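> Need the 3D shape of this:
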Amino acid sequence: MEDPLPRPRGPPTLEDLSHQVRGARLSRRSRTRSPATHLGRPRARANHAGRLVGAVHDNRRPLTSDVCVSVRAGAGHILARFGRTQLCQLDPLAIQAWLAGLLAEGMASSSVHRKYGVLRRILQVAVRKGVIATNPCTAVDPPAVDAGEMRFLNPTELAGLVEEMDPWYQAFVYTAAETGMRWSELVGLRRRSVDLLRRSIAVTEQMVLIWQKGKPGRWVRQKPKTKAGTRSISISTFLAERLDEQLAKRSGPGLDGLVFVNQRGGPIGGSIFHKRHWSPARQALGLEGLRFHDLRHTAVALAISQGAHPKAIQRRMGHSTINMTLDRYGHLFPELDGQIADHIGSLLSRAETSRSTATTTPIRRSN
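Numbers count the residues shown, from 1 in each chain. Prediction:
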């Protein structure tokens, strides 16, 4: 059957990429768009964004629900700006100017950074399919995430938040705030990975909720986010006592049973937990906007306040490089400078006093 749409020659665009992401290779042609597929219409952009979500995750891990929403939103925003731009004309300067414009419009730096990440991954698909030789995003400097967007709880605030939580989830929150484990690592934690005698938790896997079109969500176990994500985390006696109670009263049975479950015995679903437990607790304390992920930031802040070395924090958090740790949390370390100076001064003062005493005290010799 003859194609009803004319196909004038021309370099492919992002819209063409969304049309043909499942093909072995994109042709160097561009369809004439009818009004029904115009990218100025939100519904058309949503359809193209959905296709690009599949492109980004082609031959990658299954698509988790939170990543799906993030990538789809980013792809839709990108298509509105660059959908008709020929891929060969999409240069680093244009991308850099787009990012600067989003910041100037008041968009949070973390949101701009996510959109940059989506565009970079989409263009990497085009590189894999031979449409463009290099990814222009590699020559772009993405905006740094504003440290002010992170939230850190002090010990008193954390204790207050836990007190407002249902007792069923109190150990869950304390574990997140002390260990800095990611949500997926926490909900997938098994009994066999918790060693109360040695006071340690072995992080060897994560569990995510996968969504496929027309099918209900299903829980899937995966390796940690990065190679460094496989790690052993020491825990305090304080947390070990609460986990001991958790395992005895509220965890799944058997060595493979989940440490943290919902009140029906299944995995903890993010949306229900946030709606029924997290949001009411934070609202009661006036902590509007506090995310569960901010407990991970809190874990880092608490460790830094106790003088932890950046390398130790990197290993504890499962960051792939120490640069990632310093880029995210380096602004917290200068606050310790005064403490370091005081400790060094105290050490030198004691040494000087000890030396002075040793040289002025006469030594008695026994006959």
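
> CA only for contacts and neighbour counts going forward, please
OK.

> now do the same end-to-end measure for stretch 222-233.
One end of stretch 222-233 sits 19 Å from the other (C-alpha to C-alpha, to the nearest Å).

> Distance from it to the middle of the chain?
Stretch 222-233 sits 13 Å away from the centroid of its parent chain (C-alpha atoms, centre = their mean, to the nearest Å).

> cool, and stretch 259-275?
Using C-alpha atoms, centre = their mean, the offset of stretch 259-275 from its chain centre is 20 Å.

> what is the mean pLDDT for stretch 275-288?
Averaged across stretch 275-288, pLDDT comes to 93.

> how about the CA coordinates for it, as PDB?
Taking C-alpha atoms only, stretch 275-288 is exported to PDB below (Å, rounded to 0.1, in the frame of the first residue of the first chain):
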ATOM      1  CA  LYS A 275       0.100  10.100  50.700                       C
ATOM      2  CA  ARG A 276      -0.900   8.300  53.900                       C
ATOM      3  CA  HIS A 277       2.300   8.600  56.100                       C
ATOM      4  CA  TRP A 278       5.000  10.800  54.800                       C
ATOM      5  CA  SER A 279       3.000  13.900  53.800                       C
ATOM      6  CA  PRO A 280       0.900  14.000  57.000                       C
ATOM      7  CA  ALA A 281       4.100  13.700  59.200                       C
ATOM      8  CA  ARG A 282       6.000  16.400  57.400                       C
ATOM      9  CA  GLN A 283       3.000  18.700  57.400                       C
ATOM     10  CA  ALA A 284       2.600  18.300  61.200                       C
ATOM     11  CA  LEU A 285       6.100  19.600  61.700                       C
ATOM     12  CA  GLY A 286       5.900  22.300  59.000                       C
ATOM     13  CA  LEU A 287       8.500  20.600  56.800                       C
ATOM     14  CA  GLU A 288       6.600  21.300  53.500                       C
END
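
> If you count contacts, what does the helix or strand hosting A171 end up packed against?
Take DSSP states H and E as the rule and A171 turns out to sit in helix 170-179. On a contact count with 3 or more C-alpha pairs under 8 Å, 6 or more residues apart in numbering; DSSP states H and E, helix 170-179 meets helix 155-164, helix 183-187, helix 237-249, helix 294-305.

> Pull the residues that contact stretch 161-171.
For stretch 161-171, the external contacting residues (C-alpha atoms under 8 Å, 6 or more residues apart in numbering) are 173-174, 239, 242-243, 246, 250, 260, 263, 277-278, 281-282, 284-285.

> on that earlier part again, run the chain-centre distance for the helix holding A171.
Worked out by C-alpha atoms, centre = their mean, helix 170-179 lies 17 Å from the chain centre.

> And stretch 136-146, by the same measure?
Distance, centroid of stretch 136-146 to centroid of chain: 17 Å (C-alpha atoms, centre = their mean).

> What about S346, how many residues nearby?
As a burial measure, S346 scores 12 neighbours (other C-alpha atoms under 10 Å).

> export the helices and strands packed on helix 170-179 to JSON lines and tack on mean neighbour count?
Shown next, in JSON lines, are those (neighbours: other C-alpha atoms under 10 Å):
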{"stretch": "helix 155-164", "mean neighbour count": "15"}
{"stretch": "helix 183-187", "mean neighbour count": "22"}
{"stretch": "helix 237-249", "mean neighbour count": "15"}
{"stretch": "helix 294-305", "mean neighbour count": "21"}
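
> how about a markdown table for those, with distance to L87 and mean pLDDT added?
Listed next are the helices and strands packed on helix 170-179 as a markdown table, based on distance: least, C-alpha to C-alpha, whole Å; pLDDT from 0 to 100:
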| stretch | distance to L87 | mean pLDDT |
| --- | --- | --- |
| helix 155-164 | 48 | 95 |
| helix 183-187 | 36 | 94 |
| helix 237-249 | 53 | 96 |
| helix 294-305 | 37 | 92 |
